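*Asks:* next come a sequence and a model predicted from it.
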2 protein chains.
Amino acid sequence: MIRKGFQMAARLGHHRAHPGALNSLSRFNSASVFGSSMDSVVSRTCQEKTDLKNYASPNASWCPDMLSLYHDFLEKTKADGWVKLLSFKSNRDHIQGFKMPSGLQVTSDKRDWRLFTRCIETEGQGYEYVIFFHPSQKKSVCLFQPGPYLEGPPGFAHGGSLAAMIDETFSKTAYLAGEGLLTLNLNISFKNLIPVDSLAVLNVDVEKIENQKIYMSCIIQSRDQQTLYAKASGIFLQMSLEKDSSK
Amino acid sequence: MIRKGFQMAARLGHHRAHPGALNSLSRFNSASVFGSSMDSVVSRTCQEKTDLKNYASPNASWCPDMLSLYHDFLEKTKADGWVKLLSFKSNRDHIQGFKMPSGLQVTSDKRDWRLFTRCIETEGQGYEYVIFFHPSQKKSVCLFQPGPYLEGPPGFAHGGSLAAMIDETFSKTAYLAGEGLLTLNLNISFKNLIPVDSLAVLNVDVEKIENQKIYMSCIIQSRDQQTLYAKASGIFLQMSLEKDSSK
């Protein structure tokens, strides 16, 4: 059961007419309905949970660039329609009350599950990041500071650590913008290495939603936009989470 | 200085005629020279260092599939020309006696640097993997078992954790096959999710080396080849490491 992957999910999506995804598609194309439906997904996802640590919060390891841009975006959440995404230790916490679609469900257990980009708990050593999402403009910004556990070439972030950060930012954006759940394709062109401990800014745009697929682009650069670190594109499959009646 | 990335490195490569890379290119195309030159890179990279832990060794967390395929490949190292790659905590240990080319050098310090795919030390929780390389066939096999800290969708490996594993396997293959040092492009199509704690087998082939670039492909599947997890391609830039005379 656990071995069934998302080819099956994709098949389910096609053959069962995938009502949730199609709904979200039409929502996405309808400005009037779009707002309210997306708002409920966004507010559910960004709901403060007092019993869970939110990792998308400043700590002593954040470099001055990261901290100041964080505060700039925090200001934008008050007036410009940006939403700050909470970030828990596991996706299991993010989808509380819901479950993955048939074929992707696993029995829950009490192991120490961690979202990959939150796998290192020591502040500043691994992933430091926070994602802001703009529902009506269908875009995201991720402030990412790689620590010394994310090294590839000496002193620089591993290409794979950036790939994972891009995938995770795509993932949260795809879900909030149109119930995009699974990565179908990830294409990254690397231009410059990111020095460990410095800030890289990921700008994600949803380009289109078509045939249950969400197409996104991402530009990764320094805060002053003078250094282009990478360009990427991503395609995600739309699938609706199901209500979890067992909880 | 630390902010200069590999666009600069690439420029250096082009404008300075990049003798090392060109040498490796000609070596790669010359079967007679190829063997001995590559052998020295392989033997240097795979040299046992008694003071360093080799993470590419079986431990109690390895699933039966992983353990048995590991022993199959270990047998192949005795007769079939396969080489088992050692895996240290940081790339700094792998390139002892050498340094990155100009523009990519950083001052060394005593921080706890870790190669991204060795960022989690607890056995079975993060990345468990071992890479075997075949010098004359220019291909690699990586046995990869994702732990619960690499989660994306509940119960399955994060797409980004697989992306990083692919990038790291490409990286070691590119370096050994032709001094490929930096990822230029990574393109991954995901087909099925990899269940946490199970084995995924990455098969990497060097397709061609042209204009200082190494082109590789990768197929990721279950051991019985019945489940295709992903297909990927990668392009790496050739650059020679420099002798580190300070050590």
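*Replies:* That came through fine. Residues are numbered from 1 along each chain as shown, chains lettered A, B, ... in the order given.
*Asks:* which intervals of chain A have sub-threshold pLDDT?
*Replies:* Across chain A, the stretches falling below the confidence threshold (pLDDT under 70) are A:1-38, A:46-50, A:246-247.
*Asks:* show me the contacts for residue A:169.
*Replies:* The neighbours of residue A:169, taking C-beta atoms under 8 Å, 6 or more residues apart in numbering or on different chains as the test, are A:131, A:140, A:142, A:202, A:204, A:218. Placement of C-beta: from N, CA and C, glycine included.
*Asks:* what helix or strand is the last one on?
*Replies:* If I follow you right, that is residue A:218. For residue A:218, the host element (DSSP states H and E) is strand A:213-221.
*Asks:* measure residue A:240 to residue A:172 for me?
*Replies:* 16 Å (C-beta to C-beta, to the nearest Å).
*Asks:* okay, the two: which has more neighbours?
*Replies:* Between residue A:240 and residue A:172, counting by other C-beta atoms under 10 Å in any protein chain shown, residue A:172 is the more crowded of the two (20 against 17).
*Asks:* alpha carbons only: can I get the host helix or strand of the more buried one in CSV?
*Replies:* With elements taken from DSSP H and E, the one containing residue A:172 is helix A:159-178. Written as CSV, here are the backbone C-alpha positions of helix A:159-178 (Å, rounded to 0.1, in the frame of the first residue of the first chain):
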residue,chain,number,x,y,z
GLY,A,159,23.4,22.7,-5.5
GLY,A,160,21.1,20.0,-4.1
SER,A,161,20.3,22.2,-1.0
LEU,A,162,19.2,25.0,-3.3
ALA,A,163,17.2,22.5,-5.5
ALA,A,164,15.4,21.3,-2.3
MET,A,165,14.7,24.9,-1.2
ILE,A,166,13.3,25.7,-4.7
ASP,A,167,11.2,22.5,-4.7
GLU,A,168,9.8,23.4,-1.2
THR,A,169,9.0,27.0,-2.2
PHE,A,170,7.3,25.7,-5.4
SER,A,171,5.5,23.1,-3.3
LYS,A,172,3.9,25.6,-0.8
THR,A,173,3.1,28.1,-3.6
ALA,A,174,1.5,25.4,-5.8
TYR,A,175,-0.6,24.2,-3.0
LEU,A,176,-1.8,27.6,-2.0
ALA,A,177,-2.3,28.8,-5.5
GLY,A,178,-4.2,25.8,-6.7
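*Asks:* end-to-end on stretch A:54-67?
*Replies:* With C-alpha to C-alpha, to the nearest Å as the measure, stretch A:54-67 spans 16 Å from end to end.
*Asks:* flag every buried residue along that stretch.
*Replies:* By neighbour count, with 16 or more other C-beta atoms under 10 Å in any protein chain shown as the criterion, the buried positions of stretch A:54-67 are A:54, A:55, A:56, A:62, A:65, A:66, A:67.
*Asks:* nearest to chain B among those residues?
*Replies:* When the buried residues of stretch A:54-67 are compared for distance to chain B (C-beta to the nearest C-beta), residue A:65 comes out closest, at 12.0 Å.
*Asks:* so that closest one sits in a helix?
*Replies:* Yes. When classified by DSSP: H, G, I helix; E, B strand; the rest coil, residue A:65 is found to be part of a helix.
*Asks:* tell me which two in the buried residues of stretch A:54-67 are the farthest apart.
*Replies:* By the measure C-beta to C-beta, the buried residues of stretch A:54-67 have their two most distant members at A:54 and A:65, which lie 21.3 Å apart.
*Asks:* what's the spacing between residue A:174 and chain B?
*Replies:* Counting by C-beta to the nearest C-beta, to the nearest Å, the gap from residue A:174 to chain B is 11 Å.
*Asks:* circling back to that earlier point, which pair in the contacts of residue A:169 spans the largest distance?
*Replies:* Longest distance between any two of these is 11.9 Å, between A:131 and A:218; criterion C-beta to C-beta.
*Asks:* quick one, strands of chain A?
*Replies:* With DSSP state E applied, chain A shows strands at A:83-84, A:98-99, A:127-134, A:139-146, A:180-190, A:200-210, A:213-221, A:228-238, A:242-243, listed in chain order.
*Asks:* what sits against residue A:190?
*Replies:* The contact partners of residue A:190, taken as C-beta under 8 Å, 6+ apart, are A:159, A:162, A:229, A:230, B:6, B:182, B:183, B:184, B:185, B:186.
*Asks:* and the residues you listed, which is closest to residue A:213?
*Replies:* residue B:186 (20.0 Å).
*Asks:* excluding chain neighbours, what is closest to the closest one?
*Replies:* residue A:188 (4.9 Å; C-beta to C-beta, 6 or more residues apart in numbering or on different chains).
*Asks:* name whatever forms a beta bridge with that neighbour.
*Replies:* Here residue A:188 shows beta-bridge partners residue A:232, residue B:186, assigned using DSSP bridges.
*Asks:* over to residue A:205?
*Replies:* In this entry, residue A:205 is beta-bridged to residue A:139, residue A:217, by DSSP bridges.
*Asks:* quick one: residue A:135 from residue A:234, how far?
*Replies:* Look at residue A:135 and residue A:234: by C-beta to C-beta, they are 19 Å apart.
*Asks:* sorry, wrong one. I was asking about residue A:196.
*Replies:* 25 Å.
*Asks:* next: residue A:170.
*Replies:* Between residue A:170 and residue A:234 the distance, using C-beta to C-beta, works out to 4 Å.
*Asks:* anything in contact with each of these two?
*Replies:* With contacts taken as C-beta under 8 Å, 6+ apart, residue A:170 and residue A:234 have A:183, A:186, A:216, A:218 as neighbours in common.
*Asks:* could the residues you listed go into CSV alongside neighbour count?
*Replies:* Shown next, in CSV, are the shared contacts of residue A:170 and residue A:234 (neighbours: other C-beta atoms under 10 Å in any protein chain shown):
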residue, neighbour count
A:183, 28
A:186, 28
A:216, 27
A:218, 23
